[in-house]
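**Q** need coordinates for the following:
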Amino acid sequence: MEPLSLYPQELESRVRTLIGPYEVLGNYRPNSQRTGVWKVQSHRDNRYYYVKTYTRKQRWHPEVYAYRHWISPLGAYAPELVSVFEGEDWQAVLITSIEGTIMRETELTPEASQSAYRKAGELTRLLHDSQSGEWFGRPDKDGNPIELSHHRDPVKYVQTAVQELADSCRAQELLSPAEAELADWALRHTGVFENVKPVPISWDSTPGNWMVDNRGMFAGMIDFENMLWGIDADTFSILFERYFAEDTPGMLAFFQGYGLEVLEAKREHIHICCIKMGLGDIYWGTQNRSARIVDYGRQLLDRIHQGKLVPDVPVREPLK
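**A** The predicted structure is shown next:
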């Protein structure tokens, strides 16, 4: 078997200059068309590092900005940025390693799982409370908006996103009457976001990007390419979509760490953000022929329609 090596080849010498001679221990995205991830060990100090490469520059920019400006409140629960690379047709980062395994791929006791969710909630709240921005959207590595159509008005930001997704779904007749009703409800209630400030959030902060150590204890968060200046409640959407439906104790533990009061105080925010995600799943999944993603969206919207999104927190009145 040939020894593993970094790609592109130009990257090998740049990494060697920083950490000395090294060995590539693993290639974690051998067939990915989006990113490459390699684990390397320096022969100089035996420390482990990860090299991550990108084919989409718009994902490299936010991750670099996140490492430099957002994730310091996580402390030892996040990797450290060692260096940033940019070639003619590629970009990369070199980061330190958090030892452990992906939480989603690890068999945990209920107690360990809930403890990990609770810690993740605490750290998520730290990020949200750490700072606020001036506009909503993804930054480049220097802090400038990537999207030309970025918004400063939170109501317009949410309303535009929901309207575009609803219109796209309706144009292809993808929505059931109940799903269309939820889209209309969300559009009528976007005013609840009037005073919301942009905060650092991730659209992909889940057990798929959380680490646990060999004792099952929460070890850290990784993968910040999907961070942006966003709506705080939008962080929760993917958790409700993929994890909380089958794990109410985990959901409650997460919000115990984050602050249980948010489930009532921002009830409408959470519902609207999840409706937005459900519409996005239906449209994106249909366009990309992914029945699994479409199912995620339909199931999420169905739980909202039935008033079961947050089953252990009383709902004062049905959505109207």
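**Q** got the contact list for residue 209?
**A** By Cβ atoms under 8 Å, 6 or more residues apart in numbering, the contact set of residue 209 is 102, 202, 221-223. In short, each C-beta sits where N, CA and C put it, glycine included.
**Q** just the buried subset of the residues you listed, written out for PyMOL, thanks.
**A** A single PyMOL command is used to select the members of those judged buried by 16 or more other Cβ atoms under 10 Å:
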select buried, resi 202+221+222+223
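**Q** what about the contacts of residue 209, which are in strands?
**A** Under the assignment DSSP state E, these contribute 102, 202, 221 to strands.
**Q** helices along this structure, start to end?
**A** For the chain, the helices defined by DSSP state H occupy 9-19, 57-65, 110-130, 154-171, 177-188, 237-242, 248-258, 262-265, 267-287, 291-305.
**Q** now do the second one: distance to the chain's middle.
**A** When you say that, I think you mean helix 57-65. Mean C-alpha position of helix 57-65 versus that of the full chain (Cα atoms, centre = their mean, to the nearest Å) differs by 13 Å.
**Q** list the contacts of that helix.
**A** For helix 57-65, contacts defined as Cβ under 8 Å, 6+ apart pick out 34-35, 52, 54, 81, 84, 91-93, 138-143, 146, 223-228.
**Q** how about the fourth one?
**A** For helix 154-171, the surrounding residues in contact (Cβ under 8 Å, 6+ apart) are 136, 149, 151, 175, 179-180, 183-184, 186-187, 190-191, 193-198, 231, 272-273, 275-276, 279-280, 282-283.
**Q** ok, of the contacts of helix 57-65, which come out buried?
**A** Buried members of those, counted by 16+ other Cβ under 10 Å: 35, 52, 54, 81, 84, 91-93, 138-139, 141, 146, 223-228.
**Q** please report phi then psi for the residue lying closest to residue 66 once chain neighbours are set aside.
**A** Using Cβ to Cβ, 6 or more residues apart in numbering and skipping residues adjacent in sequence, the residue nearest residue 66 is residue 224, 3.9 Å away. Backbone geometry at residue 224, expressed as degrees, to the nearest 10, gives phi -110, psi 20.
**Q** list the contacts for residue 224?
**A** Counting by Cβ under 8 Å, 6+ apart, residue 224 touches 62-63, 66-67, 70-71, 78, 202.
**Q** biggest separation within these, which pair?
**A** By the measure Cβ to Cβ, 62 and 78 form the most distant pair in those, at 14.7 Å.
**Q** what's the neighbour count on residue 220?
**A** A total of 22 residues lie near residue 220 under the criterion other Cβ atoms under 10 Å.
**Q** roughly how far does it sit from residue 290?
**A** Noted for residue 220: a distance of 29 Å to residue 290, by Cβ to Cβ, to the nearest Å.
**Q** and residue 217, by the same measure?
**A** With the distance defined as Cβ to Cβ, residue 217 ends up 34 Å from residue 290.
**Q** repeat that for residue 224.
**A** Relative to residue 290, and taking Cβ to Cβ, residue 224 is found at 24 Å.
**Q** next: residue 121.
**A** 29 Å.
**Q** before we move on, what about residue 138?
**A** Per Cβ to Cβ, residue 138 is found 23 Å from residue 290.
**Q** do residue 128 as well
**A** On the measure of Cβ to Cβ, residue 128 and residue 290 end up 30 Å apart.
**Q** higher neighbour count, these two?
**A** Each of residue 128 and residue 290 has its neighbours counted (other Cβ under 10 Å); residue 128 has more, 21 against 13.
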